[in-house]
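Peer 1: Next comes the sequence, and after it the predicted model I'd like to discuss.
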2 protein chains.
Amino acid sequence: MMRITALEEYGLRCLLNLARLGVDRQMSIAEVAEREAISVPYASKLLALLRKGGLVVASRGRAGGFTIARSPDEISLYDVLTVLGGPLVDPNHCNRFAGQRDTCVHLGNCSIYHVFQGLADHVQDFLTETSLEDMINRKAVDFARRKSSGPMLYEGPMGSRDSAENPSGNFDAS
Amino acid sequence: MMRITALEEYGLRCLLNLARLGVDRQMSIAEVAEREAISVPYASKLLALLRKGGLVVASRGRAGGFTIARSPDEISLYDVLTVLGGPLVDPNHCNRFAGQRDTCVHLGNCSIYHVFQGLADHVQDFLTETSLEDMINRKAVDFARRKSSGPMLYEGPMGSRDSAENPSGNFDAS
DNA sequence: CTTATACCCTACAAAGGAGTAAAGTATTTT
DNA sequence: AAAATACTTTACTCCTTTGTAGGGTATAAG
């Protein structure tokens, strides 16, 4: 559980590239692909998903490219993950896990459902309150019992801060 | 994201059957399979996983069966999901999504990592504080800003309470 | 109007998870 | 002992997801 799918991970990364540009500037598929070290066809697929989800706008032709559809502070992580990975909790859950019968044995009397529903609510709160702008600024949401006085700055995943290999200067991070 | 895998869902259900029996009584694979409406081979697989994870104890032979390894209030949902679905957050995440390179472009400078890490911490808190005993008793954990005065009772997923089809009487629910 | 550029769409091969099948091992009963 | 019961293990098939491939469509420059 809580496994991020490849679509969600790479799709979010692609979107963050556009988010950093704001609503005025655009970026081509090729450039997004290069920045994320993924193939051009794959980046195409991801950006098409984001476009169908209304998060980015595409312009075709020679001077074409993608632009983020709204200001980054008006797009939540929940929006993005919903577009890329489907609904946060499967609305069809009780139907998917019905075992060998047509309807789940526990339907209407389930020890699991209410717990996962409660958890999903919290996760949704968290994701809804985190915007792309927050992610870009490395600002952690003040959630639950976590006391954050002021913006919380990020400490690298394995303490190594100098391992980034991006000579290009700007817009390195996703 | 947050998708429950089949192993987690059905494995947890099987375990709940044993949890209701307590540490004294046992149940055979065949009976677990019937209660969960899954095939006997599949129940075998799930219970074997739970056994390898130390959550249940098997006894072989004619009077064999499975017993829960510890008291249900000493087994957390986190324990169960870890055994059935691997670690909550993939410790290899930054390596899995490295794109076409050997190391992720954003390693050491990632906008995503700290957000998901923060979320995962909260989820882990929730899961750790929820025991099998809580689930059996339909007791929601007091988590985050959710104000729960007294045990929260469960209301069915779609309002239909009379659709459970278990003539057997006891231990219907999972 | 031709060409180059860039997005769009459908279909396909590879990898991982879901669920099944069958033969093997241990224990109890007779 | 022999047979019945019940757990154990390995291998296999099916389906979903991942990532790729290639041809199609739109726009802008010359």
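Peer 2: Thanks, I have it.

Peer 1: For A:Arg25, see how far away the residue of chain A found nearest DNA strand D is.
Peer 2: In chain A, the residue that lies nearest DNA strand D is A:Gly61 (2.5 Å; CB to the nearest atom of the strand). The way it works is simple: take the backbone N, C-alpha and C, and place the C-beta from them, glycine included. Separation of A:Gly61 from A:Arg25 (CB to CB, to the nearest Å): 17 Å.

Peer 1: who has more neighbours, these two?
Peer 2: Between A:Gly61 and A:Arg25, A:Arg25 has the larger neighbour count (other CB atoms under 10 Å in any protein chain shown), namely 11 against 6.

Peer 1: Show me where chain A has its strands.
Peer 2: A:56-59, A:65-68 (DSSP state E).

Peer 1: Any buried residues in the first one, and which?
Peer 2: The reference is to strand A:56-59. A:Val56, A:Val57 (16 or more other CB atoms under 10 Å in any protein chain shown).

Peer 1: Point out the residues in chain A that sit beside DNA strand C.
Peer 2: Contact residues, chain A versus DNA strand C (CB under 7 Å from any atom of the strand): A:28-30, A:41, A:44-45, A:47-48, A:51, A:58-66, A:100.

Peer 1: Out of these, which end up buried?
Peer 2: A:Ile29, A:Lys45, A:Leu47, A:Gly65, A:Phe66.

Peer 1: Excluding sequence neighbours, find me the nearest residue to A:Cys94.
Peer 2: Of all residues not flanking A:Cys94 in the chain, A:Cys104 sits nearest, at 5.1 Å (CB to CB, 6 or more residues apart in numbering or on different chains).

Peer 1: nearest residue to the residue located most distally from the centre of chain A other than its sequence neighbours?
Peer 2: The C-alpha centroid of chain A is most remote from A:Arg101, which lies 35.2 Å away (CA atoms, centre = their mean). Among residues not flanking A:Arg101 along the chain, B:Ala37 sits closest, at 4.8 Å (CB to CB, 6+ apart).

Peer 1: Please enumerate the helices of chain A.
Peer 2: For chain A, applying DSSP state H gives helices covering A:6-21, A:29-36, A:40-52, A:77-85, A:93-96, A:113-129, A:132-136.

Peer 1: Student question: in chain A, what's the helix or strand with minimum average pLDDT?
Peer 2: helix A:93-96 (a mean of 89; mean pLDDT, DSSP states H and E).

Peer 1: helices or strands next to that helix in the packing?
Peer 2: Helix A:93-96 sits against helix A:113-129, with contacts defined as 3 or more CB pairs under 8 Å, 6 or more residues apart in numbering or on different chains; DSSP states H and E.
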